[in-house]
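Trainee: Can you look at this prediction? I've put the sequence above it.
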Amino acid sequence: MSSDIVEIRCSTGRWELIFVNLMKLCTRWARKLNVRGFEWLYASPRTGYSKIMAENSDLEELCVDNTRFNDWTAVLKAFPKLVVVRTSARDFASMLLVASTELACLKEVVFCEWPQNKCIVSAHQALYKHQKKCPNLETLKYVATPLAQIRLPARFPKKGTIPSIKHVKVTDHTVECCSPLNYSALTALQKAFPSLESVEITAHTDCGHYCEFFSVSEKLPTIDRFYRTLESLNIGFTIKVTYREKITFCKTQGNPLHPHFLTKGKVSGTPEKFTVKTSYPGKELIYEVDISQFEDYDENDNEDEYVYDDYDSPLDYAYRMMAHVAYDDDYDYL
């Protein structure tokens, strides 16, 4: 974003516009802005697209993709009707600290990717201290944030609650395979947000435990524990878990996973790539499985194995076998 450059995107990707007047119109009508910095906003005098965007007081969603200092006083003055703000936890704390007026329109805050999001404790503390500045804030979204960072008691104020929060989302969470999700974070969330109505967790993992020494059939009890853990949760809000797992194992083991998942819920897709949807009272699990199978390697079945040639000396043959080089007529024999 600058006085003479602006990139416009739509839902399907970048939108190429060649008419300047149309670019200016789209900038004036924009409701979502993704920026790496606000140098264009601080500039004086503002010209071109910078001037048009700075005067777009109807902007609703702001995504700040940086870890630098941002003058939130100027930003909030330019965009007083923000509904969604995506930024780092540290920047969000700074925003609340300098906000001089009530952010009445703000309904959702998205904390950007970890480890940029390490100051999450400061965000929670600032939200608790300045919650009157955003009375309508209902949703907190943590992107690629480990559940452990939300679970720790220090991540939330020891005293007091934030009653406006009704929805929490944790997305792109990478977990260790063959282990049930650790739902202890839910206790901390419910304590901090007593009005909590729903929690959504999206996690993914790659499982390669069954590539060599272990049978993939040993994973079946692990899958059963995963389902039992979610079913046994006793919480006062709804929870939706989307779990994506890529599992790799040898073709000689067959595929016992697909028949086993058929007993867990409604299955769609192919035996190699399928989705299982399961519902319990107040809980929903979407388990997406991507199976990758490989041929078993046999040392005795190597088509590229080098064949000893009568013209080779034993030393030459040994050298070629160790170095894995092809026969070369120009090779100088010892």
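Mentor: Arrived safely, thanks for sending.
Trainee: which secondary structure element contains the one residue sitting closest to the centre of the chain?
Mentor: Nearest to the mean C-alpha position of the chain, by C-alpha atoms, centre = their mean, lies Asp172 at 2.3 Å. Here Asp172, judged by DSSP states H and E, is contained in strand 167-174.
Trainee: ok, now Cys105?
Mentor: Under the criterion DSSP H and E, no helix or strand holds Cys105.
Trainee: what about it, how many residues close to it?
Mentor: Burial of Cys105 is recorded as 15 neighbouring residues (other C-beta atoms under 10 Å). For every residue, glycine as well, the C-beta is placed using N, CA and C.
Trainee: Do a quick rundown of the helices in the chain.
Mentor: Ranges of helices within the chain are 20-29, 39-42, 48-54, 72-78, 89-98, 120-129, 147-151, 185-192, 220-231, 257-261, 314-323, based on DSSP state H.
Trainee: State the distance from Ala43 to Leu82.
Mentor: Separation of Ala43 from Leu82 (C-beta to C-beta, to the nearest Å): 21 Å.
Trainee: These two: which has the busier surroundings?
Mentor: Higher neighbour count among Ala43 and Leu82: Leu82, with 21 against 14, using other C-beta under 10 Å.
Trainee: pLDDT value on the residue nearest to Ile291 when sequence neighbours are not counted, please?
Mentor: Nearest non-adjacent residue to Ile291, counting by C-beta to C-beta, 6 or more residues apart in numbering: Glu272, 4.7 Å away. The model reports Glu272 with a pLDDT of 94.
Trainee: Could you do Glu176 as well?
Mentor: With respect to pLDDT, Glu176 has a value of 80.
Trainee: which residue sits closest to it, ignoring its sequence neighbours?
Mentor: Per C-beta to C-beta, 6+ apart, closest to Glu176 is Thr205, 6.8 Å.
Trainee: so that neighbour sits right up against Asp172, yeah?
Mentor: No. The criterion here is C-beta atoms under 8 Å, and Thr205 misses it with Asp172 at 11.7 Å.
Trainee: that older thread, could you report the neighbour count for the residue nearest to Glu176?
Mentor: Neighbour count of Thr205, defined by other C-beta under 10 Å: 16.
Trainee: For it, give me its contacts.
Mentor: Counting by C-beta atoms under 8 Å, 6 or more residues apart in numbering, Thr205 touches Thr174, Val175, Glu176, Cys177, Tyr243, Arg244, Glu245, Lys246.
Trainee: is the residue lying closest to Lys32 once chain neighbours are set aside in a bridge, and if so with what?
Mentor: Closest residue to Lys32 apart from its sequence neighbours, by C-beta to C-beta, 6+ apart: Glu61 at 4.1 Å. Judged by DSSP bridges, the bridge partners of Glu61 are Lys32, Val84.
Trainee: quick one: Glu61 and Leu82 touch, right?
Mentor: Yes. Counting by C-beta under 8 Å, Glu61 touches Leu82, with 7.2 Å between them.
Trainee: hey, which helix or strand in the protein has the poorest pLDDT?
Mentor: strand 13-14 (a mean of 54; mean pLDDT, DSSP states H and E).
Trainee: where does the chain have low pLDDT?
Mentor: Low-confidence segments of the chain (pLDDT under 70): 1-22, 45, 47, 67, 113-118, 151-159, 212, 296-334.
Trainee: Let me see the domain layout of it.
Mentor: Residue ranges for the domains of the chain, per automatic domain parsing: 1-86+100-110, 138-297, 306-334.
Trainee: Among those domains, which comes closest to Ser122?
Mentor: For Ser122, the closest of the domains of the chain is domain 138-297, at 10.0 Å, according to C-beta to C-beta.
Trainee: I'd assumed Lys251 was in contact with Glu272.
Mentor: No. Assessed by C-beta under 8 Å, Glu272 is found out of contact with Lys251, at 10.9 Å.
Trainee: any residues in contact with both of these two?
Mentor: In terms of C-beta under 8 Å, 6+ apart, Glu272 and Lys251 are both contacted by the residues Gln293.
Trainee: Contacts only, for the residue nearest to Lys32.
Mentor: When contacts are counted by C-beta under 8 Å, 6+ apart, Glu61 touches Arg31, Lys32, Leu33, Leu82, Val83, Val84, Val85, Arg86.
Trainee: I figured the residue nearest to the centre of the chain hits Pro146, correct?
Mentor: No. Asp172 lies out of contact with Pro146 (C-beta under 8 Å); the separation is 10.7 Å.
Trainee: wait, isn't Arg31 in contact with Leu62?
Mentor: No. With contact taken as C-beta under 8 Å, Arg31 and Leu62 are classed as non-touching, separated by 10.2 Å.
Trainee: tally of neighbours for the closest residue to Gln131 other than its chain neighbours?
Mentor: Among residues not flanking Gln131 along the chain, Ile162 sits closest, at 5.5 Å (C-beta to C-beta, 6+ apart). By other C-beta under 10 Å, 19 other residues sit near Ile162.
Trainee: again, but for Arg86
Mentor: Burial of Arg86 is recorded as 20 neighbouring residues (other C-beta under 10 Å).
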